[in-house]
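>>> Here is my input, please return the structure:
(one chain, ligands or ions: 3)
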Amino acid sequence: MILDKIQKENDIKELKKEELPQLAEEIRTFLIEKISENGGHLGSNLGVVELTMALHLSFTLPQDKIIWDVGHQSYTHKLLTGRREGFETLRKYGGMSGFPKRKESNCDAFDTGHSSTSISAGLGYAMARDLRGGDNYVVSVIGDGALTGGMAWEAMNNAARLDSNFIIVLNDNNMSISENVGGLSNYLNMVRTKEGYLNLKAGVESTLLKIPVYGDQIVKRVRRTKNGLKQFLVPGMLFEEMGLTYLGPVDGHNIDLLVKTFREAKNVKGAVLLHVCTQKGQGYEPAMRHPARFHGAEPFVIETGLPKKKRVKANYTDVFSTVMRKMGDREPDVVAITAAMPDGTGLKRFRNMFPDRFFDVGIAEQHAVTFAAGLAAAGLKPVVAIYSSFLQRAYDQVLHDVCIQNLHVVFAIDRAGLVGSDGETHQGIFDLSYLSSIPNMCVMAPKNKWELSDMMKFAVAYDGPIAVRYPRGEAYDGLERFREPMEYGKSEVIYDESEIALLAVGSMVKTAVEVREKLRVMGYGCTLVNARFVKPLDEELIRRLQAEHRLLVTMEENVKRGGFGEAVLEYLNEIGSKVRSINISLPDDYVEHGNVEILKADAGIDAETIVKRIVAEYIGL
Ligand SMILES: Cc1ncc(C[n+]2csc(CCOP(=O)(O)OP(=O)(O)O)c2C)c(N)n1
Ligand SMILES: CC(=O)[C@@H](O)[C@H](O)COP(=O)(O)O
Ligand SMILES: [Mg+2]
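Numbering: from 1, shown residues only. Ligands and ions are numbered 1, 2, ... in the order given. Okay, the predicted model is just below:
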């Protein structure tokens with residue numbers, strides 16, 4: 001195996017040229033095998049095998065810096081920098097991360113996970129190099145999807161001032177997770193393809209022809225010149241006009257050509273954008289045919305490409321998808337917005353039924369929120385579906401554009417709580433804190449699948465900013481018979497007893513049911529409350545609970561700071577309550593990747609640990 005010759009960074013440079021195609025093939029076989037076992041981002045990784053090899057042949061690590069945007073495509077880079085063993089534990093608890101991590105290797109220049117940061121970080125590295133008189137190369141690798149994010153453009157705008165070398169590789173596979181959308185995608189399409197070029201030519205001609213009196217003559221004269229319109233149509237003109245040098249488009253599966261082009265790029269003084277065209281899923285038929293499914297794949301059977309585990313129960317995303325479709329049917333004012341996640345958020349069905357009322361804005365969470373604010377100001381009922389950790393991007397837009405004006409925007413926040421194998425960048429464990437701190441915002445979390453549906457309907461009927469947060473994965477289908485009508489700011493009392501009161505938020509209601517059962521067997525009486533609203537708090541109920549119980553336990557899948565438990569405790573202090581309380585929440589820290597159940601036990605928010613804490617506290621009372 002050629003792959004055996006790669007023990008550490010730069011070993012690839014020792015290979016003979018003829019060995020490179022076989023190495024590419026071996027890497028693909030290796031990745032397909034490992035990802036079929038552990039799950040992971042297959043399509044993007046298969047697409048950049050040759051590009052990564054060419055980067056490693058052209059640059060010297062760790063002196064030179066490669067920054068991977070999002071970082072989900074960094075598997076070949078990990079393989080070429082001595083981390084082959086790590087694939088046994090890829091994305092598992094205590095194992096190798098699926099994203100670049102500086103603490104994992106000195107060849108990982110910058111931690112990523114969220115999109116569109118690589119050019120900013122790369123520019124920082126390049127500026128620091130210049131200030132310190134260094135001579136290393138800096139390369140940011142960004143996808144066509146990630147390039148739809150505003151940060152990338154803020155960074156390119158800034159990079160135009162550079163007069164030293166900084167290489168931006170645009171890895172254009174004409175896909176985000178789903179189809180890439182919008183004006184930029186159209187533009188890249190045009191640059192990439194011959195038909196696009198011809199369309200552009202026709203477009204320029206028809207624009208010129210619209211010029212009164214002279215248009216016709218200008219077109220005739222231009223056509224007579226040696227290169228016709230070609231001289232005006234430089235591919236990548238958009239980037240050139242911003243002050244970057246544009247190179248390409250280049251076949252991203254041709255190692256030789258890539259290496260030659262990198263040589264050229266190294267000689268450019270200033271920021272240079274190298275446009276590389278690749279195929280997502282290259283070399284594995286099912287991934288090429290179903291790029292969205294193989295973007296982030298669950299373990300699958302290699303021969304068929306089908307998932308190893310069949311899904312039997314509905315996900316929260318499925319429930320959201322269904323209720324959106326129903327509400328879309330009933331209410332013509334309901335519109336839906338996603339930031340490049342029509343599959344992940346479940347909005348694809350809404351898109352298919354109501355294409356005019358569906359908006360995929362690209363990887364642009366900030367824009368998505370302010371765009372929704374505009375729609376709401378104009379009288380529509382926008383539902384913005386965004387993952388909890390990606391909404392962090394748009395904190396100011398939620399505050400400045402939605403909440404100050406008290407606009408009726410519904411935030412459907414998927415992947416709230418621990419998400420598992422994507423790790424610290426993707427855990428949705430801050431939203432209760434960052435949303436509750438904003439005046440006018442109402443924050444809710446459902447206990448089970450029926451309640452998600454009820455909450456969405458409540459949220460759409462409400463008037464003002466409102467968020468419904470729900471976790472990744474299988475929807476809880478317990479407590480079916482508890483379906484009290486939703487009332488603003490009111491919790492739901494599921495079991496009313498004495499001694500200990502459990503106040504649980506969303507996903508933690510299921511855990512609270514287990515805790516209550518264990519405590520009941522041990523002889524303790526337990527009230528169980530489904531909080532429903534994290535903001536506003538049901539103060540009336542809390543007043544009653546503290547008077548009637550000896551111990552109050554709050555439970556949430558969110559960090560302690562600024563969360564539900566802290567708000568309850570603050571209220572108890574305010575009313576001078578002497579009741580003892582326990583706050584079950586996540587510590588002031590980031591949570592790494594791994595199985596969610598293991599992560600919960602590790603953080604002490606699993607049923608067993610909670611029972612132990614309660615018993616210890618109660619005995620001491
Ligand atoms: C801020 C943010 N929003 C959304 C995502 C989810 N996401 C991860 S990869 C991706 C698509 C990226 O497309 P592209 O950059 O073209 O890379 P490709 O997957 O095509 O290799 C999206 C939307 C994210 N990581 N970060
Ligand atoms: C890299 C990235 O940000 C996404 O691909 C993310 O991994 C998707 O997560 P889900 O699998 O929860 O949709
Ligand atoms: Mg892409």
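>>> the domain parsing of this structure - what is it?
With domains defined by automatic domain parsing, the chain comprises 3-289, 316-469, 492-619.
>>> Can you flag the weakest of the ones you listed by average pLDDT?
Note on the domains of the chain: lowest mean pLDDT is at domain 3-289, with a mean of 92.
>>> Report the secondary structure state of the residue of the stretch 251-400 of the chain found nearest ligand 3.
Nearest residue of the stretch 251-400 of the chain to ligand 3 (C-beta to the ion) works out as residue 280 at 6.4 Å. (C-beta placed from N, C-alpha, C; glycine too.) At residue 280 the chain is in coil, as set by DSSP: H, G, I helix; E, B strand; the rest coil.
>>> residue contacts, it?
Shown in contact with residue 280 (C-beta atoms under 8 Å, 6 or more residues apart in numbering): 43, 44, 46, 47, 173, 174, 175, 287, 288, 291, 295.
>>> ok, back up a step: just the domains of the chain: most buried one?
Using mean count of other C-beta atoms under 10 Å, the stretch among the domains of the chain with the largest mean neighbour count is domain 316-469, at a mean of 22.
>>> does any part of that domain sit near ligand 3?
No. If you take C-beta under 5 Å from the ion as the test, domain 316-469 misses ligand 3, and the best it gets is 10.2 Å.
>>> ok, that domain near ligand 2 or not?
Yes. Counting by C-beta under 6 Å from any ligand atom, ligand 2 has neighbours in domain 316-469: 344, 415, 419, 422.
>>> Distance across stretch 71-86, terminal residue to terminal residue?
For stretch 71-86, the first-to-last residue distance is 16 Å (C-alpha to C-alpha, to the nearest Å).
>>> How far does the longest helix along the chain sit from its chain's centre?
Of all the elements of type helix in the chain, the one with the most residues (DSSP state H) is helix 20-38. Put simply, helix 20-38 sits 25 Å off its chain's centre (C-alpha atoms, centre = their mean, to the nearest Å).
>>> The helix or strand just after that helix close to ligand 1?
Remark: after helix 20-38, the chain's next helix or strand is helix 42-47, criterion DSSP states H and E. Yes. Using C-beta under 6 Å from any ligand atom, helix 42-47 comes into contact with ligand 1 via residue 44.
>>> and helix 42-47, what does it pack onto?
Applying 3 or more C-beta pairs under 8 Å, 6 or more residues apart in numbering; DSSP states H and E, we find helix 42-47 packed against helix 20-38, helix 285-289.
>>> Ok, which of those comes nearest ligand 2?
Ligand 2 lies closest to helix 20-38 among the helices and strands packed on helix 42-47, at 12.7 Å (C-beta to the nearest ligand atom).
>>> ok, and does the closest one reach over to ligand 1?
No. On the criterion C-beta under 6 Å from any ligand atom, helix 20-38 is out of touch with ligand 1, staying 13.7 Å away.
>>> elements contacting that helix?
helix 42-47, helix 49-58, helix 75-80, helix 255-266.
>>> In terms of secondary structure, what does the third one contact?
Helices and strands touching helix 75-80, by 3+ C-beta pairs under 8 Å, 6+ apart, are helix 20-38, helix 49-58.
>>> related to what we said a few turns ago, with secondary structure and distance to residue 73 added, can I get the residues of domain 316-469 next to ligand 2 in a markdown table?
Conversion of the residues of domain 316-469 next to ligand 2 to a markdown table gives the following (DSSP: H, G, I helix; E, B strand; the rest coil; distance: C-beta to C-beta, whole Å):
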| residue | secondary structure | distance to residue 73 |
| --- | --- | --- |
| 344 | coil | 17 |
| 415 | coil | 20 |
| 419 | coil | 19 |
| 422 | coil | 14 |
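>>> can you list the residues of this protein near ligand 2?
70, 72, 177, 295, 296, 344, 415, 419, 422, 472.
>>> So what touches the helix or strand residue 349 falls within?
Using DSSP H and E, residue 349 sits in helix 348-353. The contact list for helix 348-353 (C-beta under 8 Å, 6+ apart) reads 178, 321, 322, 324, 325, 328, 329, 336, 342, 357, 358, 360.
>>> one more time with 10 Å
Helix 348-353 has contacts (C-beta atoms under 10 Å, 6 or more residues apart in numbering) with 178, 292, 318, 320-322, 324-325, 327-329, 334-336, 338, 341-342, 357-360, 383, 385.
>>> Let me know the closest of the residues of domain 316-469 next to ligand 2 to ligand 3.
Looking across those and measuring by C-beta to the ion, the closest to ligand 3 is residue 344, at 15.2 Å.
>>> need the contact list for the closest residue to residue 272 other than its chain neighbours.
Of all residues beyond its chain neighbours, the one nearest residue 272 is residue 245 (4.3 Å), with distances taken as C-beta to C-beta, 6 or more residues apart in numbering. By C-beta under 10 Å, 6+ apart, the residues touching residue 245 are 165, 167-168, 236, 239, 264-265, 268-274.
>>> If we use 8 Å, what do you get?
239, 268, 270, 271, 272, 273.
>>> out of the residues of domain 316-469 next to ligand 2, which one sits closest to residue 76?
residue 422 (19.0 Å; C-beta to C-beta).
>>> In which helix or strand does residue 140 reside?
strand 138-143.
>>> quick revisit: want to try JSON lines for the domains of the chain, with distance to residue 301 as columns?
Output for the domains of the chain, formatted as JSON lines (distance: least, C-beta to C-beta, whole Å):
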{"stretch": "domain 3-289", "distance to residue 301": "7"}
{"stretch": "domain 316-469", "distance to residue 301": "19"}
{"stretch": "domain 492-619", "distance to residue 301": "21"}
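>>> Mind checking the ones you listed for the one nearest to residue 307?
domain 3-289 (9.4 Å).
>>> How far does that closest one sit from its chain's centre?
How far domain 3-289 lies from its chain's middle: 19 Å, per C-alpha atoms, centre = their mean.
>>> do stretch 569-577 as well
The chain centroid and the centroid of stretch 569-577 are separated by 37 Å under C-alpha atoms, centre = their mean.
>>> just stretch 291-300 next, same as before
Stretch 291-300 has its C-alpha centroid displaced from the chain centroid by 15 Å (C-alpha atoms, centre = their mean).
>>> swap in stretch 512-527?
That offset, for stretch 512-527, works out to 37 Å (C-alpha atoms, centre = their mean).
>>> Name the surrounding residues that touch it.
By C-beta under 8 Å, 6+ apart, the surrounding residues in contact with stretch 512-527 are 478-479, 493, 495-502, 504, 528, 545, 548-549, 555, 607-608, 610-611, 614-615, 618.
>>> Need the nearest residue in space to residue 398, chain neighbours excluded.
Distances taken as C-beta to C-beta, 6+ apart place residue 369 nearest to residue 398, at 5.7 Å, with adjacent residues excluded.
>>> Isn't the one you found up against residue 409?
Yes. Using C-beta atoms under 8 Å, residue 369 is in contact with residue 409, at 7.4 Å.
>>> Find the residues that touch each one of these two.
When contacts are counted by C-beta under 8 Å, 6+ apart, residue 369 and residue 409 are jointly contacted by 384, 402.
>>> And the residue of the stretch 501-621 of the chain that's closest to ligand 1?
residue 593 (14.4 Å).
>>> what's near enough to touch the closest residue to that residue other than its chain neighbours?
Counting by C-beta to C-beta, 6+ apart, residue 423 is the residue found nearest to residue 593 once chain neighbours are left out, at 3.2 Å. Contact analysis of residue 423 by C-beta under 8 Å, 6+ apart lists 91, 97, 98, 99, 113, 591, 592, 593, 594.
>>> Please determine how far the fourth one is located from residue 74.
Spelled out, it's residue 99. Per C-beta to C-beta, to the nearest Å, residue 99 is found 7 Å from residue 74.
>>> cool, and the first one?
The spacing between residue 91 and residue 74, counted by C-beta to C-beta, is 13 Å.
>>> cool, and the last one?
Taking C-beta to C-beta as the criterion, residue 594 is separated from residue 74 by 19 Å.
>>> can you check residue 390 too?
From residue 390 to residue 74 the distance is 19 Å (C-beta to C-beta).
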